[in-house]
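Asker: Sequence plus the predicted model coming up.
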There are 4 protein chains.
Amino acid sequence: MSSLSRELVFLILQFLDEEKFKETVHKLEQESGFYFNMRYFEEAVVAGEWDDVERYLSGFTKVDDNRYSMKIFFEIRKQKYLEALDRQDRAKAVEILVKDLKVFASFNDELYKEITSLLTLDNFRDNEQLSKYGDTKSARNIMLLELRKLIEANPLFRDKLSFPALKLSRLRTLINQSLNWQHQLCKNPRPNPDIKTLFVDHTCGPVATNGMPRVPL
Amino acid sequence: MSSLSRELVFLILQFLDEEKFKETVHKLEQESGFYFNMRYFEEAVVAGEWDDVERYLSGFTKVDDNRYSMKIFFEIRKQKYLEALDRQDRAKAVEILVKDLKVFASFNDELYKEITSLLTLDNFRDNEQLSKYGDTKSARNIMLLELRKLIEANPLFRDKLSFPALKLSRLRTLINQSLNWQHQLCKNPRPNPDIKTLFVDHTCGPVATNGMPRVPL
Amino acid sequence: MSSLSRELVFLILQFLDEEKFKETVHKLEQESGFYFNMRYFEEAVVAGEWDDVERYLSGFTKVDDNRYSMKIFFEIRKQKYLEALDRQDRAKAVEILVKDLKVFASFNDELYKEITSLLTLDNFRDNEQLSKYGDTKSARNIMLLELRKLIEANPLFRDKLSFPALKLSRLRTLINQSLNWQHQLCKNPRPNPDIKTLFVDHTCGPVATNGMPRVPL
Amino acid sequence: MSSLSRELVFLILQFLDEEKFKETVHKLEQESGFYFNMRYFEEAVVAGEWDDVERYLSGFTKVDDNRYSMKIFFEIRKQKYLEALDRQDRAKAVEILVKDLKVFASFNDELYKEITSLLTLDNFRDNEQLSKYGDTKSARNIMLLELRKLIEANPLFRDKLSFPALKLSRLRTLINQSLNWQHQLCKNPRPNPDIKTLFVDHTCGPVATNGMPRVPL
Ligand SMILES: [Zn+2]
Ligand SMILES: [Zn+2]
Ligand SMILES: [Zn+2]
Ligand SMILES: [Zn+2]
């Protein structure tokens, strides 16, 4: 994608945000992979919306891209697993173990077995390394600090963490300029032409006086 | 939203589609409620992606908007319910009954009780009215014919079922026009100016000859 | 089974009870069908041990033996069903509906549908006829009063509700008499013979004086 | 319990068996702990009736009585666990791990962790030591051979594995002898007295001729 096309995506993101198409904004951030919205990510983590969290991340990196990415996914899935254990939902915990955490077994089999064995404890805090795990809320917040560091250090997220500085409604401004351009090509330009559509180029009708178009956008 | 803003959304939808940001396209269709993509809807129904189906619909109508909408949601949830019964997942079936179908009880209590009583049959096809229900695939296709009719007859979907006729990449064309406009304002316009960004307006530097901008979009 | 064999079963029941073989006692009551232990039955009902309750009953009657029996099983299964609903375990409730209560549908289809429709209420007490249902404990006690009446009125339980009046350890007494009989047949009976086994008949050895056997049971 | 009381239990077991009170027989074997019915045990193992298997065993030994007993329970629970894994019921498998197998962790923590980690395999036969595990039926039969050896070697089962040799219906024979004894005490014994009950001692009425009682048992 050319550099200007890429910029157009940013202009669209700004437009969608201004128009409050919230889910569309984050979906486009994800599908384009151009901008990682840390605030949105943090909200999803704090809310424990793990599916959303992983889906969003997947627009920017995969588990095995580098060791930062691996750690990011590992931390998230471990948290999801511990929360399932904490609400005594062992069936769900096993599912997470097998579907989400298994990928890490090939990198650290001992760790995977250790995590698996938490299943059999009444309270995983009985495991020495987890003895300081508090409640869900505090654990998510502690993880979030770690995730933020990992994302900021991850080369794949470099340059994707800040949104370009733009004047308000930049896309609308450009569209207005395009309308000006269309009118400026009119042979018999009217003053204050009423532009009714963006779908086809404007042309002033025969009876006309010169003037800038009224931009109704 | 003004008429031109509305048109801008369509131009963005076209752009997103051309750039293959598929999920973003459908999310914007839903969040704007401007265009109901029947093909996407049909695919989701045929695939039995009921959550996606309902989420998409929710951008255009609610259960109690009118009798067409009510019937649309009823048919979908009944199908979801019958499929749960068909795979002997009674726990899920009861959940659907209580979470999804209950809203219809206040409109037709007898029907709701009748549907509830299907729970206790080994095969819901033993109910006379369902004796012709075939397999999942054929049942979804039959329902789809009905849904299409209901949507087409539903006033809330009027004018939302066809996408406006547009030349290819209309948004890009307009952006190019805006760049032309910017350049045309240059005091010392160069020929073939190299426009590097959409984020701020272009101005030709001091050493320049006249010419149209090279549009690299 | 002859009348005396039947009496022997009662003597064994007394023996097992005196020796504290509690489960064996109730299993023999059930398998013989000679004595219905109301106290045991009541304890099982109050404890909500529905499997034990039905298994025990099955030694005496089946659902369709008469209208009393039908009502007994219906009340028990309805209670089991309502308790599942009350703890929000709808999956279990449906299972009870299909496995346990369905047999009653052929006798009263309207009632069965009414019961089925309770599934969809947040609280079955919203059904007018169940509005006075209190908590589990009180509901079990109220049902128990009803069950006791039904059992007492049920011809199949007639004569099975009271245990015959017996002197303590009647079976042991008879066994001692049998040993006396064996010894009395001895040609050279010793006084105070030491009887070592019940497995084969006793005979005094050659050196002997007359006397009653010492009964060491 | 005296030696003759113990023998009386065996006579009752024979009676119950002859009268086909099957469940009562095994319940009395269990509650008395006098006779371990290997055939019954084997049937329950082959049928995978693990609750029955453990309940029956509990009449004779507890997990930590000795190393044979420990191995017996371990083998049974491991089999139950593997079968749950084999039918992909991981929720049940975890439950077995936590409720049934955990007791062995304190004796062999490594082994327990190894067993726990089977949870995460798609097929536990991927574990080298279980690679020869066939289907359920053959696995149960192989285990049964092992269980039989462990039970036969277990001192707690010594002398409980064979039922004493008895003539048919020994208890009835003794009861008949007791009736003879009662009649023999009659002051005016009739011939062929009709004995109507075991509940109280017989006495011939006043008009009588000598004779042995007719034993109607
Ligand atoms: Zn014009
Ligand atoms: Zn210029
Ligand atoms: Zn003797
Ligand atoms: Zn007599």
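Answerer: Sure, I can see it. Ligands and ions are numbered 1, 2, ... in the order given.
Asker: Near ligand 1, which residues of chain A? Just list them.
Answerer: Counting by Cβ under 5 Å from the ion, chain A comes close to ligand 1 at A:His183, A:Cys186, A:Pro189, A:Pro193, A:Cys204. C-beta: built from backbone N, CA, C; applies to glycine.
Asker: and the first one, what helix or strand is that in?
Answerer: Following DSSP states H and E, the helix or strand that holds A:His183 is helix A:170-184.
Asker: buried stuff in that helix?
Answerer: Buried residues in helix A:170-184, defined by neighbour count with 16 or more other Cβ atoms under 10 Å in any protein chain shown: A:170-183.
Asker: tell me the mean pLDDT for that helix?
Answerer: On average, the pLDDT along helix A:170-184 is 97.
Asker: hmm, it touching chain B?
Answerer: Yes: using Cβ under 8 Å from any Cβ of the partner chain, helix A:170-184 reaches chain B at A:170-178, A:180-182, A:184.
Asker: State the distance from the closest residue to ligand 4 within chain A to D:Ser106.
Answerer: Nearest residue of chain A to ligand 4, counting by Cβ to the ion: A:Asp122, 69.0 Å away. From A:Asp122 over to D:Ser106 the distance is 14 Å, taken as Cβ to Cβ, to the nearest Å.
Asker: What strand or helix carries the closest residue to A:Phe157 other than its chain neighbours?
Answerer: Leaving out its chain neighbours, the residue that sits closest to A:Phe157 by Cβ to Cβ, 6 or more residues apart in numbering or on different chains is A:Ile151, at 5.1 Å. Using DSSP H and E, A:Ile151 sits within helix A:136-153.
Asker: What is that helix packed up against?
Answerer: Here helix A:136-153 touches helix A:38-46, helix A:67-86, going by 3 or more Cβ pairs under 8 Å, 6 or more residues apart in numbering or on different chains; DSSP states H and E.
Asker: Without its sequence neighbours, what residue ends up closest to A:Arg77?
Answerer: Among residues not flanking A:Arg77 along the chain, A:Asp100 sits closest, at 4.3 Å (Cβ to Cβ, 6+ apart).
Asker: Please report phi then psi for that neighbour.
Answerer: Phi and psi for A:Asp100, reported as degrees, to the nearest 10, are phi -100, psi -40.
Asker: which residues does it contact?
Answerer: A:Asp100 makes contact with A:Arg77, A:Lys80, A:Tyr81, according to Cβ atoms under 8 Å, 6 or more residues apart in numbering or on different chains.
Asker: ok, now with 10 Å
Answerer: Residues in contact with A:Asp100 (Cβ atoms under 10 Å, 6 or more residues apart in numbering or on different chains) are A:Trp50, A:Glu54, A:Val63, A:Phe73, A:Phe74, A:Ile76, A:Arg77, A:Lys78, A:Lys80, A:Tyr81.
Asker: ok, the residues you listed vs ligand 3, which is closest?
Answerer: A:Tyr81 (76.7 Å).
Asker: Need phi/psi at the closest residue to that closest one other than its chain neighbours.
Answerer: In this structure, A:Tyr81 finds its nearest non-sequential neighbour in A:Ile96, 4.6 Å apart by Cβ to Cβ, 6+ apart. Main-chain dihedrals, A:Ile96, degrees, to the nearest 10: phi -60, psi -40.
Asker: returning to that earlier point: the residue of chain A closest to ligand 4 - how many residues pack around it?
Answerer: Residues near A:Asp122, counting by other Cβ atoms under 10 Å in any protein chain shown, number 10.
Asker: Can you name the residues that contact it?
Answerer: For A:Asp122, the contacting residues are A:Leu85, A:Gln88, D:Val98, D:Lys102, by Cβ under 10 Å, 6+ apart.
Asker: Where helices are concerned, which of those residues count?
Answerer: Members of the contacts of A:Asp122 lying in helices (criterion: DSSP state H): A:Leu85.
Asker: Most neighbours among the contacts of A:Asp122, please name it.
Answerer: Most surrounded of the contacts of A:Asp122: other Cβ under 10 Å gives A:Leu85, at 21 neighbours.
Asker: That one against A:Leu119, yeah?
Answerer: Yes: applying Cβ atoms under 10 Å, one finds A:Leu85 in contact with A:Leu119, separated by 7.1 Å.
Asker: joint contacts of those two?
Answerer: By Cβ under 10 Å, 6+ apart, the residues touching both A:Leu85 and A:Leu119 are A:Ala93, A:Leu97.
Asker: so what's A:Ala165 up against?
Answerer: Counting by Cβ under 10 Å, 6+ apart, A:Ala165 touches B:Phe199, B:Val200.
Asker: OK, contacts around the residue lying closest to A:Leu156 once chain neighbours are set aside?
Answerer: Nearest residue to A:Leu156, sequence neighbours excluded (Cβ to Cβ, 6+ apart): A:Thr61, at 4.9 Å. Residues near A:Thr61 by Cβ under 10 Å, 6+ apart: A:Gly33, A:Phe36, A:Tyr68, A:Ser69, A:Met70, A:Ile72, A:Phe73, A:Ile151, A:Asn154, A:Pro155, A:Leu156, A:Phe157.
Asker: shouldn't the fifth one be in contact with A:Leu57?
Answerer: No: because the distance of 11.9 Å does not satisfy Cβ under 10 Å, A:Met70 is recorded as not touching A:Leu57.
Asker: can you list the weak-confidence ranges in chain A?
Answerer: A:206-217 (pLDDT under 70).
Asker: A:Arg55 - how many residues pack around it?
Answerer: 15.
Asker: Can you give me the distance of the residue nearest to A:Phe157 to A:Pro164?
Answerer: 19 Å.
Asker: Repeat that for A:Thr24.
Answerer: In terms of Cβ to Cβ, A:Thr24 sits 19 Å off from A:Pro164.
Asker: Which one's more surrounded, those two?
Answerer: A:Thr24 (28 against 15).
Asker: List the residues that contact the more buried one.
Answerer: By Cβ under 10 Å, 6+ apart, the residues touching A:Thr24 are A:12-13, A:16-17, B:9, B:12, B:16, B:21, B:23-32.
Asker: let's see 8 Å
Answerer: By Cβ under 8 Å, 6+ apart, the contact list for A:Thr24 reads A:Leu16, B:Thr24, B:Lys27, B:Leu28, B:Glu31.
Asker: Now name the helix or strand holding it.
Answerer: Using DSSP H and E, A:Thr24 falls in helix A:22-32.
Asker: residue contacts, A:Leu11?
Answerer: By Cβ under 8 Å, 6+ apart, A:Leu11 lies in contact with A:Leu166, A:Arg170, A:Leu171, A:Leu174, B:Leu198, B:Phe199.
Asker: quick one: buried residues of the strand or helix carrying it?
Answerer: In the assignment (DSSP H and E), A:Leu11 maps to helix A:3-18. Across helix A:3-18, burial judged by 16+ other Cβ under 10 Å covers A:Leu4, A:Glu7, A:Leu8, A:Val9, A:Phe10, A:Leu11, A:Ile12, A:Leu13, A:Gln14, A:Phe15, A:Leu16, A:Asp17.
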